[in-house]
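next come a sequence and a model predicted from it.
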Amino acid sequence: MTRYAYNTISGPGSAECKDRGSRFLASAYPVEDPKSCKAWLGEMKKLHPKATHHCSAYRLGPEGAQFRSSDAGEPSGSAGKPILAQIDRLELTGVLVVVVRYFGGTLLGIGGLMTAYKTAAALALQTAPIVTRQIERRYRIGFQYDQMDSVLKVLRQHQGTVYRQETRLFSELEAGIPLVEEQRFLEQIGGLQGLDIMPVD
C-alpha cells in the first residue's frame, strides 16, 4: 500500500525531568539525514560537556526506514530504545531526540532508567510542533522560456514545489510532486508540447 504523507516536526522541542537527583534534559530536532543528526548531537555535547551521558535516537526518511538508537554508556536497551519508542509512538519520522543525563548519585536501575528516558523524550516531543507533509517524487522539467507560465500553472494546480530553476532560452526546473497528485500531474504536463521531463533519482 502506497503511503502519501508522513508526520514530522517543523521545529525543535525541549523538556526536563528529574529522578532521585538525576536530571534528564531532552531536546527534539527536525532532521533530514544522519549527518544533521550527528551535528545536533555534537551541539548538545558542547552545551553539556559535564553531563554523564548523551543518549539519542532518530528515525529518518518519508517511510521511516532509517533509524538508530544509542545508549551512550547506559546499560544496553535502557536509554536509546525508550527514546526511539516515543518517536514511534507518535508515528514520526525526520526526528532526532537527544536526552542528556546529569547523574545525581543514586543508581536508578534499568527499569528506572527506561522510565526516565522515555518520560524526558515524550515531554520534549510534546513541545515540538507536529506537521503532516506530503511524500513527493522529484522531476526535472526542461521547456522553452515562453512555456514558463504554462508549466508553473500546472505545478500550482498539483501542489508542486519548485526546488531549483534556471531561466534561459531553454529553461529547466526541478520540482517535487506529491505522490497523490503524480498521475494527474503527468497527464496534464504531458499535454504541453516540446517538454523534456524525467524523474530525479
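Perfect, thanks for sending it. Numbering: from 1, shown residues only.

residue ranges of the strands in this structure, please?
Ranges of strands within the chain are 5-9, 13-19, 22-30, 53-60, 66-70, 95-102, 130-134, 136-144, 161-166, 170-178, 196-199, based on DSSP state E.

winner for burial among the ones you listed?
strand 95-102 (a mean of 26; mean count of other Cβ atoms under 10 Å). Backbone N, C-alpha and C define where each C-beta goes, glycine included.

who touches the residue nearest to the spatial centre of the chain in this structure?
Most central in the chain under Cα atoms, centre = their mean is residue 94, positioned 1.5 Å from the mean C-alpha point. By Cβ atoms under 8 Å, 6 or more residues apart in numbering, the residues touching residue 94 are 6, 8-9, 30-32, 59-61.

now with 7 Å, please.
Each residue near residue 94 by Cβ atoms under 7 Å, 6 or more residues apart in numbering is listed here: 8, 30-32, 60.

before we move on, back to that, now the strands of the chain as JSON lines including mean pLDDT and distance to residue 110?
As requested, those are exported to JSON lines (pLDDT from 0 to 100; distance: least, Cβ to Cβ, whole Å):
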{"stretch": "strand 5-9", "mean pLDDT": "96", "distance to residue 110": "29"}
{"stretch": "strand 13-19", "mean pLDDT": "97", "distance to residue 110": "13"}
{"stretch": "strand 22-30", "mean pLDDT": "98", "distance to residue 110": "14"}
{"stretch": "strand 53-60", "mean pLDDT": "98", "distance to residue 110": "13"}
{"stretch": "strand 66-70", "mean pLDDT": "98", "distance to residue 110": "15"}
{"stretch": "strand 95-102", "mean pLDDT": "98", "distance to residue 110": "14"}
{"stretch": "strand 130-134", "mean pLDDT": "95", "distance to residue 110": "30"}
{"stretch": "strand 136-144", "mean pLDDT": "96", "distance to residue 110": "42"}
{"stretch": "strand 161-166", "mean pLDDT": "94", "distance to residue 110": "45"}
{"stretch": "strand 170-178", "mean pLDDT": "95", "distance to residue 110": "44"}
{"stretch": "strand 196-199", "mean pLDDT": "94", "distance to residue 110": "48"}
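
need those strands in JSON lines (columns: distance to residue 122).
Putting these into JSON lines (distance: least, Cβ to Cβ, whole Å) gives the following:
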{"stretch": "strand 5-9", "distance to residue 122": "13"}
{"stretch": "strand 13-19", "distance to residue 122": "8"}
{"stretch": "strand 22-30", "distance to residue 122": "8"}
{"stretch": "strand 53-60", "distance to residue 122": "12"}
{"stretch": "strand 66-70", "distance to residue 122": "15"}
{"stretch": "strand 95-102", "distance to residue 122": "9"}
{"stretch": "strand 130-134", "distance to residue 122": "13"}
{"stretch": "strand 136-144", "distance to residue 122": "30"}
{"stretch": "strand 161-166", "distance to residue 122": "32"}
{"stretch": "strand 170-178", "distance to residue 122": "30"}
{"stretch": "strand 196-199", "distance to residue 122": "39"}
